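Visitor: output the structure for:
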Amino acid sequence: MNVQFQFIGVEEKGSAAQKRLIRSHAAIQHNLRRKEQQRQKALQSLPSLNSLCTCDFSPGSLPWAESWTSNPDTPRSKKISKVEEKKHRLADSYKICVRCKKLQFNELSRPSQVAVMRMLSPHIAAFCQAEFDPFGILPESPWHLNPGERSELNEVKYFIVTFYAPGSIRKFTIPEAVADPGLYMAMVFCGYAYLYGRRGLPMSNTAVAIKLEAIRHINKKLQDPQEASAASTIASIAYLATAVRNFGGDTAAKEVAAHEAGVDELVKLRDGKLASLNQTPFEMALYGILIMHHVVYAGLSAIQVSPTFDLKLPDSPSPPLSNSEYLPESPFYRPRSSFFSLQESKRCSRATLEILYDMENIFTRLLERSWNGILTEELYQAQLLDTYFRISKLESTSKSSDSAPSSRVDYYYDACRICALITLDAMLNSRALGHAPPSLVGQLIETLKQTDIGNAWGDMLGVLYWITITGTAACPDNPGHQFMDSTFGKAQFDLCYTTKRLEARIKPAQRFAAIHLAIVEGREIQDRAKVLPYFQALDSGGFTAGYDDQISLSLLCYLNCCFLNLSSFLT
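Guide: Numbering: from 1, shown residues only. Next comes the predicted model:
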């Protein structure tokens, strides 16, 4: 409760000192009320979530970040004095992002953040014709949250509700989670991973406790065969796998692999058909999510996609595309003869489009070379070298001279250029993206931080998806892994929940998985290409037992055996 007036003890009634104290106190209260009114008026200008900037998330973006991470058990309210809080209140109202011209939520003081969230929460957490905040409650837990842990959890809650809750999640997934403690805890743990990934913070004790609680509730359901194959159980494990991958660590890869194998086995309990997830809106939403989730895992790991999740999609869009329909296009997905949607984007320059066309063409050539064997090897290698030399000669716009106007800096173009170089380097060396040059990965991370990643690049969402999934595969052990993975997670969420066409959500992940696997297997194809002249000569009758004794009958038999084995392999 704000105290505006108080009794002041003085010895002489009506003295000059008393009058000065009263006037001073009244003036202070008047100024405080005026500043509070100004701040509230500024905050009232936020009609929707679109007025909040999400461009930049850094560990030091919050005033209490450094002190809290060193001592998480201390309540955050003690980290900032009342004098400092009052000093920054009015300034908070004018912290506008220079890139998107929106209020920088993460730079506000905690009271201002709470005020913003109180204003926005009723508009983004309305379920079942009643307005409530589903993350304002916790399932029954064996531990008691201290004030610091509760504040930490509230911050994660704000982040989930504000930035990671597209329409379908609010309508279908969160109501299901409220009824299922395992799914609820897994979603909160995933929220921890995304938020901490943006800020570059390690997993906290509270996050570990949330994870263990999710596993405890899931294990209870796995003991019942019917509950084990329930859609909410499968979704819980998928959320856990995503969060573990985002946090990273020495055992993350093995843990994610175990979770993915578990999801595969649980789906097989449903008659081995993923299509059985069609009874409720939640299951229908989960159907596409699980396919994308597993295909992404296979793509990042450069392994074959499990037959359970290997969905066959038509080559052409169905129903046919209209002339004005927007789709998230990228080098992974071009449903029309040209990048129709990207050509309409104000973010996508002509130079950026040229890079995207080059990468889409070389990806097509790579897959043709992989599927058709050695027949197109020379053509593929020539086009690969030509593409690499052209893109490597392109200059970064962020390296302009100080006198150059800032409008010339195109971070979208720079991010595409760096991502292309990372991919082409892997293709030239026939090695996984995880062996990418650290310098290029670092440049990509810093460039992405200068762009509007909070709003998923708007009409360039598909391009951001291509860049971030490539970057995630390229930096499994890089310090920037968390940032890249969480940015990819945001792009994936938006792609999955805001794109109506199933093929537009699934095909980019499928193509990435096929491309990464083809890159890794490229060395084997190159080795087979070394004996290509023998096969060509053998087919044309050039090699016989009497051909100037240049080849013996035993060598001819050996080549015939190799040819038969290779033919069976290719078919």
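
Visitor: residue contacts, the residue lying closest to E149 once chain neighbours are set aside?
Guide: With C-beta to C-beta, 6 or more residues apart in numbering as the measure, T206 is the residue that lies nearest to E149, at 4.8 Å, once sequence neighbours are left out. Using the backbone N, CA and C atoms, a C-beta is placed for each residue, glycine as well. Contact criterion C-beta atoms under 8 Å, 6 or more residues apart in numbering gives P72, L145, E149, E152, L153, Y192 as the residues in contact with T206.

Visitor: out of those, which are buried?
Guide: Buried by 16 or more other C-beta atoms under 10 Å: P72, E149, E152, L153, Y192, out of the contacts of T206.

Visitor: from these, pick the one nearest T387.
Guide: Nearest to T387 among those is Y192, at 40.1 Å by C-beta to C-beta.

Visitor: the closest one: what's it in contact with?
Guide: Counting by C-beta under 8 Å, 6+ apart, Y192 makes contact with V156, M203, S204, T206, A207, I210, A243.

Visitor: from those, pick the one nearest G442.
Guide: If you rank the contacts of Y192 by distance to G442 using C-beta to C-beta, M203 comes first, at 22.7 Å.

Visitor: isn't the closest one right next to L195, touching?
Guide: No: using C-beta atoms under 8 Å, M203 is not in contact with L195, being 11.3 Å away.

Visitor: ok, then the element right after the helix or strand harbouring Y192?
Guide: Secondary structure here is read from DSSP states H and E; on that basis Y192 sits in helix 181-199. Reading on from helix 181-199 to the C-terminus, the next helix or strand found by DSSP H and E is helix 205-222.

Visitor: please save the CA atoms from that following helix in PDB.
Guide: As requested, the backbone C-alpha atoms of helix 205-222 are provided in PDB (Å, rounded to 0.1, in the frame of the first residue of the first chain):
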ATOM      1  CA  ASN A 205      18.400 -25.800  -9.700                       C
ATOM      2  CA  THR A 206      14.700 -25.000 -10.200                       C
ATOM      3  CA  ALA A 207      14.900 -26.100 -13.800                       C
ATOM      4  CA  VAL A 208      16.500 -29.400 -12.800                       C
ATOM      5  CA  ALA A 209      13.700 -29.900 -10.200                       C
ATOM      6  CA  ILE A 210      11.000 -29.200 -12.800                       C
ATOM      7  CA  LYS A 211      12.700 -31.700 -15.200                       C
ATOM      8  CA  LEU A 212      12.800 -34.400 -12.500                       C
ATOM      9  CA  GLU A 213       9.200 -33.800 -11.600                       C
ATOM     10  CA  ALA A 214       8.200 -34.200 -15.300                       C
ATOM     11  CA  ILE A 215      10.100 -37.500 -15.400                       C
ATOM     12  CA  ARG A 216       8.400 -38.700 -12.200                       C
ATOM     13  CA  HIS A 217       4.900 -38.000 -13.500                       C
ATOM     14  CA  ILE A 218       5.800 -39.600 -16.900                       C
ATOM     15  CA  ASN A 219       7.200 -42.700 -15.300                       C
ATOM     16  CA  LYS A 220       3.900 -43.200 -13.400                       C
ATOM     17  CA  LYS A 221       2.000 -43.100 -16.700                       C
ATOM     18  CA  LEU A 222       4.400 -45.500 -18.400                       C
END
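
Visitor: give me the below-cutoff pLDDT ranges for this structure.
Guide: In the predicted model of the chain, residues 1-25, 35, 38-143, 161-171, 370-376, 399-407, 523-571 satisfy pLDDT under 70.
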